[in-house]
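Colleague: A structural model of the following input is requested.
(one chain, ligands or ions: 1)
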Amino acid sequence: MKEYEAFVIGGGPAGITACMYLLRAGVKIGWTEKFAPGGQVLNTEIIENYPGFPEGIKGYELMEKMEKHLSSFEFDRFTDEVIKIEHAYKDNKIKLSGEEVKAKAVIICTGANHKKLGVPGEEEFTGRGVSYCALCDGMFFKDQVVACIGGGNTALEESLYLSKLAKKVYLIHRRDQFRGYKIYQERVLKNPKIEVIYDSVVEEIRGKDNVEEILILNKKTQNKTELKVDGVFVFIGIAPNSNFIPKDVDVDPRGFIKTDNEMQTNLPGIFAAGDVRAKTCRQVVTAVGDGAQAAHSAYLFLQEKD
Ligand SMILES: Cc1cc2nc3c(=O)[nH]c(=O)nc-3n(C[C@H](O)[C@H](O)[C@H](O)COP(=O)(O)OP(=O)(O)OC[C@H]3O[C@@H](n4cnc5c(N)ncnc54)[C@H](O)[C@@H]3O)c2cc1C
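Modeller: Reported below is the predicted structural model:
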């Protein structure tokens, strides 16, 4: 069984940064990512709020640069999913789908994923009109009509992106005001292609082979309306990728991993960084900061006498 001082799980901004800091400190590490490295940023057209890029930078370009930063180091990389972690002090067993490895410290950087609406038609039409990624699927709706669901930053940003491709974008939000930043709200409200529908929820997604219409309910008036749309983009929040962690790790009610300011969980030697962590600002810049802190804390932990 391969053994490491530290094992980093996840190849988004948090995981890549944690690897870089550990490698620069001379720690023997292993790193796994279940898909290609990059994380959620790969689903983002442009990042405008990462310092150093005043014109913005395309999501995939930023992640290419981050990963390239690791290329001068030699270390074990796996393309595999972590299924389970068995915690023991400085003797953790990490079960990947293909093999098992051991590590004294583990840094969990597995991020988060989109939530589903849970309405009839959503499952059935996923990939046939229902999507969770504007960057991935937006082009299929060129000059068509789409609905975006949500009211946070992602819903606002992605509606703006889709308005460049689609003929019309309905932005459906269950409240009477958005949660997203003012700057995005202003851009959305000024955009002639975006029609905002407040106080409303999607009750059903309908169609034959592909999405053809949605049924929406106005929660204030209780009126139901059928809207003809070709696509439905769901941006209603995220849930953590934390189903493989030891059951003794403290999590919040939504399953996000609780840590202290040093990224230490309640189990010694198990650290968490980035979007998988219980925190309020889930962004690239905070994921990177968490990754650096987690690596530093893991380094200090490894120096401790057993
Ligand atoms: C549409 C969209 C737009 C966004 N726009 C912005 C923006 O403009 N600015 C900004 O700062 N932030 C933005 N964000 C948020 C930003 O992408 C995240 O905050 C950031 O990517 C979090 O990084 P992370 O490393 O914690 O997690 P992630 O990026 O989620 O990476 C986690 C990685 O872990 C891997 N993984 C998961 N489970 C396992 C497992 N069991 N085994 C192995 N690997 C696993 C995943 O495949 C993934 O690659 C946006 C997010 C989205 C979805």
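
Colleague: Would you mind measuring from the residue in the stretch 201-306 of the chain positioned nearest to the ligand to residue 261?
Modeller: The ligand sits closest to residue 274 of the stretch 201-306 of the chain, with a gap of 2.1 Å, by Cβ to the nearest ligand atom. Just so you know, the C-beta spots here come from the backbone N, C-alpha and C atoms, and that holds for glycine as well. Going from residue 274 to residue 261 by Cβ to Cβ, to the nearest Å gives 15 Å.

Colleague: More neighbours: which of those two?
Modeller: More neighbours surround residue 274 than the other of residue 274 and residue 261, with 34 against 7 (other Cβ atoms under 10 Å).

Colleague: Grab the nearest non-local neighbour of the more buried one.
Modeller: In space, and not counting its chain neighbours, residue 274 is closest to residue 14: 2.8 Å by Cβ to Cβ, 6 or more residues apart in numbering.

Colleague: In contact with that neighbour, which residues are there?
Modeller: Applying Cβ atoms under 8 Å, 6 or more residues apart in numbering, we find residue 14 in contact with 39, 109, 111, 273-276, 287-288, 290-291, 294.

Colleague: again with residue 20
Modeller: Shown in contact with residue 20 (Cβ under 8 Å, 6+ apart): 69-70, 73, 291, 295.

Colleague: any idea how far residue 66 is from it?
Modeller: Residue 20 is 8 Å from residue 66, by Cβ to Cβ.

Colleague: same check, this time on residue 191
Modeller: Here the criterion is Cβ to Cβ. By it, residue 191 lies 31 Å from residue 66.

Colleague: Then residue 125?
Modeller: Here residue 125 is placed at a distance of 34 Å from residue 66 (Cβ to Cβ).

Colleague: Mind checking which of these two has more residues around it?
Modeller: Counted by other Cβ under 10 Å, residue 125 and residue 66 do not tie: residue 66 has more neighbours, with 23 against 20.

Colleague: partner strands of the host helix or strand of residue 216, parallel or antiparallel?
Modeller: Assigned by DSSP states H and E, residue 216 belongs to strand 211-218. Strand 211-218 has the following strand partners under DSSP bridges: strand 200-207 (antiparallel), strand 224-228 (antiparallel).
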